[in-house]
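Undergrad: here are the coordinates; sequence isn't available:
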């Protein structure tokens, strides 16, 4: 075998992934505002799939579906706190067994921390989970080693500022987004002579959005479209919950539009910064002659409402939550430089990667997806896709199905049903169930409801059913809590290191002191202090040099 043939036989697989990125945030996918030249470059090399969906719009289950290829219900993994199965089969392990060197860097969302499905090399930057230690997260250790161990927040300030515009506390040279790309580049440099699988996974643009100072004004507010919503919408319980948690809408009334648009502008800037890092990775592959030989996939675990439907986050069946960006390039992929509306899914990534690597997927008998490379006709023939959350035992559960024209979603809380005509209502603002359900609509809804029942019987939980139909749960409780997530790893530091940390008020102050769109007096300071401890407001008032009361009914009152 010649040296050239040996080089051609090597397998290079690169999976680039973001967290909570909407489907409509790539210039090549018809977003005329956002700047993503490197993703556009990848799109010119391959195919942009505009109708890709996540199986489950929440981080952990979506990633488990990607790495296992099986439905969340089959794996009994349906929310973020579920454990990865020790008897599960995940494709990085299978690639390692074939002799392909595997490296993963960034966000995994495996549980418990540092559980991983077969990577030979990896470095972790997680959204810290309860009980975590600094030693569990390579990036947080890196910050300490580089003189930034005083920061209690390492990817944006949560709690009071979770969905609010804010400035990064970390210099760009040490920023999480760059750090992940740096680790990926080190892996390429070290192992480019071997067959390899590289997984680079960014925490951003998941809120809290954390953008280097150089990019904070990349998108002027007048370029940003306002969110879409219908004042008469009947919001599902989960969407109502997330609306309250965001502190951007109170009783359905939006925060100042300047702040909402600013939040979206920084979200876009975060994507553009990731795009820069992807450009560095593509350049490194190109310099080493790997770029044109590689299978490269860019995608996200789920989307983000970003103010649409008067809410933020995911956890629902609307398109901004369940549709994801998906760009793929490979030597044998037909249609380079084209845009496809084929229904693809995170389920298709495992069989595609194993197909490209020449690995045997037969042990994985429960696969839902198929290879985009060798089963493209089968994928093109798909006329619907499915997505879901939960097991039917709690209020968060829902199931949805989408065709080219119609979307039907069933929420177990109150048995809420939604039917959208996507041809005439692409923003899903007019639930046809709230109007006169004509015979045509009734027939379509009944057919799609039956599709969900059939899907559940093949793959799902028996607990979802009550006889021959889905059960109906009572409405979930009126949960008015704000998002109060906290980096619990700080609680596990030794006392001398705890004393070095910035206080909660100091972190908030530093994150918003140069951000004109955020007035802390307009935020729910009283709730924040109830979660972070007394004295927070007084310290923040001292730092800002002003009283932060009497601005509105939410704020702290003397």
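TA: Thanks, I have the structure now. The structure presented is a predicted model; accordingly, all values stated were derived computationally and were not measured.
Undergrad: what residues of stretch 325-342 count as buried?
TA: 325, 326, 327, 328, 329, 330, 333, 340, 342 (16 or more other Cβ atoms under 10 Å). C-beta coordinates here come from the backbone N, C-alpha and C atoms, glycine included.
Undergrad: likewise for stretch 173-188?
TA: 174-185, 187-188.
Undergrad: please apply the same query to stretch 241-251.
TA: 241, 242, 243, 244, 245, 246, 247, 248, 249, 250.
Undergrad: residue 257: which of those is nearest?
TA: Residue 257 lies nearest to residue 248 out of the buried residues of stretch 241-251, by Cβ to Cβ, at 10.6 Å.
Undergrad: can you tell me the closest non-neighbouring residue to that closest one?
TA: Once flanking residues are discounted, residue 248 sits nearest to residue 255: 4.8 Å by Cβ to Cβ, 6 or more residues apart in numbering.
Undergrad: same check on residue 536?
TA: Looking at residue 536 with Cβ to Cβ, 6+ apart, the closest residue is residue 529, at 4.6 Å.
Undergrad: the one you found contacts residue 537, correct?
TA: Yes. Taking contacts as Cβ atoms under 8 Å, residue 529 lies within contact range of residue 537: 5.2 Å.
Undergrad: can you give me the first-to-last residue distance of stretch 107-124?
TA: With Cα to Cα, to the nearest Å as the measure, stretch 107-124 spans 6 Å from end to end.
Undergrad: what bits of the stretch 201-350 of the chain have low per-residue confidence?
TA: Residues of the stretch 201-350 of the chain meeting the criterion pLDDT under 70: 251-252.
Undergrad: in the one helix or strand residue 269 maps to, what counts as buried?
TA: Using DSSP states H and E, residue 269 maps to helix 257-287. Residues of helix 257-287 classed as buried: 259-282, 284-285 (neighbour count, 16+ other Cβ under 10 Å).
Undergrad: what packs against the strand or helix carrying residue 43?
TA: Per DSSP H and E, residue 43 falls inside helix 37-45. Contacting helix 37-45 under the criterion 3 or more Cβ pairs under 8 Å, 6 or more residues apart in numbering; DSSP states H and E are the following elements: helix 257-287, strand 295-300, strand 326-329.
Undergrad: which is the succeeding secondary structure element to it?
TA: Assigned by DSSP H and E, the successor of helix 37-45 is strand 47-53.
Undergrad: that older thread, same question for the strand or helix carrying the residue nearest to residue 536, mean pLDDT?
TA: Per DSSP H and E, residue 529 falls inside helix 525-532. Averaged across helix 525-532, pLDDT comes to 91.
Undergrad: buried residues in it?
TA: 525, 527, 528, 529, 531, 532.
Undergrad: again, but for stretch 462-472
TA: Applying 16+ other Cβ under 10 Å to stretch 462-472 flags 464, 470 as buried.
Undergrad: okay, now the unreliable bits of the chain?
TA: 1-8, 72-88, 111-116, 128-131, 251-252, 361-365, 550-558.
Undergrad: rerun at 50
TA: Scanning the chain with the threshold set as pLDDT under 50 gives 1-6, 73-78, 551-553, 555-558.
Undergrad: in the stretch 101-250 of the chain, which spans are helices?
TA: Using DSSP state H, counting those that start in this stretch, the helices found in the stretch 101-250 of the chain span residues 138-145, 176-191, 237-246.
Undergrad: and of those, who's closest to residue 493?
TA: Closest among those, using Cβ to Cβ: helix 138-145, at 9.9 Å.
Undergrad: so that closest one versus helix 176-191, what angle?
TA: In terms of direction (axes from the mean of the first three to the mean of the last three Cα atoms, to 10 degrees), helix 138-145 departs from helix 176-191 by 100 degrees.
Undergrad: helix 138-145 - contacts with which helices or strands?
TA: Using 3+ Cβ pairs under 8 Å, 6+ apart: helix 138-145 touches strand 121-124, helix 176-191.
Undergrad: let's have the helices and strands packed on helix 37-45 in CSV, adding distance to residue 196.
TA: Output for these, formatted as CSV (distance: least, Cβ to Cβ, whole Å):
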stretch, distance to residue 196
helix 257-287, 11
strand 295-300, 11
strand 326-329, 16
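Undergrad: looking at these, which is closest to residue 479?
TA: Of the helices and strands packed on helix 37-45, the one closest to residue 479 (Cβ to Cβ) turns out to be helix 257-287, at 22.0 Å.
Undergrad: what's the angle from that closest one to helix 176-191?
TA: Using the same axes, to 10 degrees, helix 257-287 lies at 10 degrees relative to helix 176-191.
Undergrad: right, and residue 346 touches residue 297 too?
TA: No. Residue 346 is beyond contact range of residue 297, at 10.1 Å (criterion: Cβ under 8 Å).
Undergrad: when those two are compared, which one has more neighbours?
TA: residue 346 (27 against 23; other Cβ atoms under 10 Å).
Undergrad: what about that one, distance to residue 360?
TA: 21 Å (Cβ to Cβ, to the nearest Å).
Undergrad: equivalent analysis for residue 63, please.
TA: 23 Å.
Undergrad: neighbour count winner among the two?
TA: Shown here are residue 63 and residue 360; by other Cβ under 10 Å, residue 63 has more neighbours (26 against 11).
Undergrad: can you pull the contacts of that one?
TA: 108, 109, 110, 301 (Cβ atoms under 8 Å, 6 or more residues apart in numbering).
Undergrad: need the max-distance pair from the residues you listed.
TA: Between any two of these (Cβ to Cβ), the greatest distance is 12.7 Å, for 110 and 301.
Undergrad: quick one, which of those two is more surrounded?
TA: Between residue 110 and residue 301, counted using other Cβ under 10 Å, the more crowded position is residue 301 (29 against 22).
Undergrad: so the more buried one sits against residue 345, correct?
TA: No. Residue 301 is beyond contact range of residue 345, at 11.8 Å (criterion: Cβ under 8 Å).
Undergrad: residues shared between the contacts of these two?
TA: residue 54.
Undergrad: distance from the helix holding residue 43 to the middle of the chain?
TA: Centroid separation between helix 37-45 and its chain, computed with Cα atoms, centre = their mean, to the nearest Å, is 21 Å.
Undergrad: the chain should start at 679 in everything you say after this.
TA: With 679 as the first residue, the last one maps to helix 715-723.
Undergrad: what angle sits between that helix and strand 973-978?
TA: 130 degrees.
Undergrad: name the residues that touch helix 715-723?
TA: Counting by Cβ under 8 Å, 6+ apart, residues outside helix 715-723 touching it are 704-707, 953-954, 956-957, 960, 969-970, 974, 976, 1003, 1005, 1007, 1014-1015, 1017.
Undergrad: contacts only, for the nearest residue to residue 737 once chain neighbours are set aside.
TA: Excluding the flanking residues, the one nearest residue 737 by Cβ to Cβ, 6+ apart is residue 787, at 4.8 Å. Residue 787 makes contacts with 737, 738, 741, 758, 804, 805, 979, as judged by Cβ under 8 Å, 6+ apart.
Undergrad: so which two of the residues you listed are the farthest from each other?
TA: Pairwise across these, and taking Cβ to Cβ, the largest span is found between 804 and 979, at 13.3 Å.
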